[in-house]
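Next comes the sequence, and after it the predicted model I'd like to discuss.
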Amino acid sequence: MTTTTLAVLVPLLPFLGAAAGLLLGRTIPGLVRPLAVLPTLAALVLAVLVATRQGGGADIDSATELTPTGSVPIELALHIDGFGALVAVLVGVVASCVQIYSTGYLRDDPRYPSYAALVSLFTSAMLLVVYSGDLMVLLVGWEIMGICSYFLVGHYWETPEARAASLKAFLVTKLGDVPFLIGLFALAVDAGSFRITTVLATVADGGLDHPTLIALLLLAGVAGKSAQFPLHTWLPDAMAGPTPVSALIHAATMVAAGVYFVARLLPVFAASAAALVVLAVMAAVTMAGSALAALAQDDIKRVLAYSTIGQLGYLTGALAVGERGAAVFHLLSHGAFKALLFLGAGVIIHAAGTNSLAAMSRMKGLRDRVPDAFWTMTVALFALAAIPPFSGFFSKEAVLGAAEHAATGHSETAPTAAGWIVLVAGLLTALLTAAYATRLWLLAFNGKGAEAPDHGRQPVTMTAVLWVLAVPSLAFGLTVGVLPDWFDGHELTPTLTTSVLGTGLALVGGLVTYGAWRHTTALAARVPMGAVAADAEADGGLVEAEAIATHAPAYGDVAAAHDPADPGRLLLGPLYRHAAVGFHVDAVYSALFVRPVQAAASLVRFLDREVVDTYVRGAGTAPRWLGTAVRRAQTGNVQTYLSALLAGTVVLAVAAVLVATVGA
């Protein structure tokens, strides 16, 4: 079987599994799990075969015209380079783990058949994006992922949070997709084709007439899909969906699509220095802001959501300095340990029996009750904090090394300003990442909250997947010497300067957070918690610093919302409250967009009801009144009719006499 045929089957198999699952899932329940797991596993095997045959060598290209347009052709094309081959393997691994994990996590869910089919469709759409060699076909997969995320985030549609989160995810990403589509058309007009190889050849020849405009339009779609500032607000709210969906979205699909798109078309963005600087600023704000927000979240999934936003900031930062090898390297590494973190969080939530107990301040005794989650999440958190020799260290240092390379003026494409912006923000984020990773580990597994009810041992399909993902989280960085053959031959080994700075800052962040936790724990032990709980209840669940200070003056502003031992409040100080709500970005959007739109809608409704409807009602009322008057004259009495006829005759006669008199 040819490599092209294998590549076609990779996205096709999950699509067929999704279609069969939707058609047969409810009528033949026994087929649901095989249709969910087997096609995805088969796609993974084929993706590995494609990657093996590609081998980091020549690109695999194949195309056939999909439909004649009369101008710019649309082709069903494949374009598989080293990046695409490895990203497809990542998608297959994470999707297979999610499907296997979901058989246990959602085993009692009545909507599991539709859920499993949508996950397969989601996987198929991402694989289509990865392998597609035509921008219009890529756009099809791009938009299918959007609608799948809408349905999957809203899986628990009975809850208002899930309904609002799914709608928000759909609208915010569509807001970015509108300029993205315009940018694709502008790019195709300049290049004369939607074919990716043709576009890249046009860029190499200097054939783009509007590189800055095209790059900025495309970046809007990337910001929406990959949850980058300012279109990042949908991702933390998307945690209302099932936890395996969060793992899939954050690790290998949806949010990875935007970054992968920029990596695939990096020469288009590199043609404009202004676009790279904008991308660098976007990455820097996203990195630092999301890391601060993660340090103030109480819900474990929201911590991981903001973490994903920040790690994607590293990816876009690497692309801003023109190093797509480092970006995709960190994409692969991050995909493994972030999927592990979300699935581990799912084990914790499943053990507690409800999503409402995902608050870290309420966790106690989990270290002994879910040992598989404890040990594997510890590995993943070390990788997230970029501590050597875990995978995150090598991939994050590749990004920081690329930023240093650009900042010192050694990059041929990236502006020096972009290098400095990414380098400074990346080092600051390394400190903050280690801080919130340490905080998560301390609160989740060493917390002093109320012990959640024990819902028994977790299914083996859930715990086994954690250990599978722990392997690349620990050892994937060791492939750093092999990957350059797949990534344009660019060196990815860590540099001494950034390694020392990055690791040093990470250790400082972790140790300071641990010290703050010890300090706040000691202070919390002296607080009369019965009085604190009463204040919390009276205040609607939020314990203000003043309320705590009433009972323990020495405690002051160190008090956390639900857990006085939370080191995040001590570390952030007055910034804590703002970081906890994402620095009020949603409130700004509400003031600038939501409220004006609602006011305009109210005005239109008033005009429609009071003006338009009044006119329509009046147009109907006048004939009705006239008809009523005429109907009253139709009495059926012959004498009345004769009297009216005689009166009319008299009136006409008088009128005729008057006319004749006036005429004479």
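Received it, and whenever you're ready, just let me know what you need. Residues are numbered from 1 along each chain as shown.

use CA for all of it now, contacts and neighbours both
Will do.

Low-confidence stretches in the stretch 451-600 of the chain?
451-456, 525-564 (pLDDT under 70).

those strands in this protein, which residues are they?
60-67, 74-80 (DSSP state E).

Is Ala351 in contact with Met462, as I believe?
No. Ala351 lies out of contact with Met462 (CA atoms under 8 Å); the separation is 11.3 Å.

before we move on, back to that, mean pLDDT lowest where, among the strands of the chain?
Lowest mean pLDDT of these: strand 60-67, a mean of 83.

Burial check on Asp209, number of neighbours?
Residues lying near Asp209 (other CA atoms under 10 Å) number 14.

hang on, it packs against Asp190?
Yes. With contact defined as CA under 8 Å, Asp209 reaches Asp190; the gap is 6.4 Å.

What backbone torsions are found at His210?
phi -130, psi 60 (degrees, to the nearest 10).

and if you look at Pro230?
When quoted as degrees, to the nearest 10, the phi and psi of Pro230 stand at phi -100, psi 10.

now swap in Thr233 and tell me
phi -70, psi -20.

Phe445: neighbour count?
Neighbours of Phe445 under the rule other CA under 10 Å: 22.

hang on, it packs against Arg369?
No. Counting by CA under 8 Å, Phe445 sits too far from Arg369 to count as a contact (9.8 Å).

where are the low-confidence patches of the protein?
By pLDDT under 70, the low-scoring segments of the chain are 352-358, 365, 447-456, 525-564, 664.

Grab the most central residue of it for me.
Nearest residue to the geometric centre of the chain (CA atoms, centre = their mean): Leu235, 4.2 Å.

My read is that it contacts Ala305, right?
Yes. Taking CA under 8 Å as the definition, Leu235 is a contact partner of Ala305 at 6.4 Å.

ok, back up a step: between Ala351 and Met462, which one's more packed in?
Set side by side, Ala351 and Met462 show more neighbours around Met462, with 24 against 20, by other CA under 10 Å.

which of the strands of the chain is buried the deepest?
strand 74-80 (a mean of 22; mean count of other CA atoms under 10 Å).

Using PDB, write out the CA atom coordinates for that strand.
Taking Å, rounded to 0.1, in the frame of the first residue of the first chain, the C-alpha atoms of strand 74-80 are listed here in PDB:
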ATOM      1  CA  ILE A  74      -9.400  23.900  -5.000                       C
ATOM      2  CA  GLU A  75      -7.600  20.600  -4.800                       C
ATOM      3  CA  LEU A  76      -7.800  17.600  -2.600                       C
ATOM      4  CA  ALA A  77      -4.100  17.600  -1.700                       C
ATOM      5  CA  LEU A  78      -1.700  16.000   0.800                       C
ATOM      6  CA  HIS A  79       1.400  17.800   2.000                       C
ATOM      7  CA  ILE A  80       3.300  15.800   4.700                       C
END
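
how far is that strand from where the chain is centred?
Offset of strand 74-80 from its chain centre (CA atoms, centre = their mean, to the nearest Å): 26 Å.

What of stretch 651-664?
Between the centre of stretch 651-664 and the centre of its chain there are 88 Å (CA atoms, centre = their mean).

Quick check: buried residues in that stretch?
The neighbour-count check on stretch 651-664 (16 or more other CA atoms under 10 Å) flags nothing as buried.

try stretch 5-14
6-14.

Of those, which is the nearest to Ile421?
Ile421 lies nearest to Pro11 out of the buried residues of stretch 5-14, by CA to CA, at 37.8 Å.
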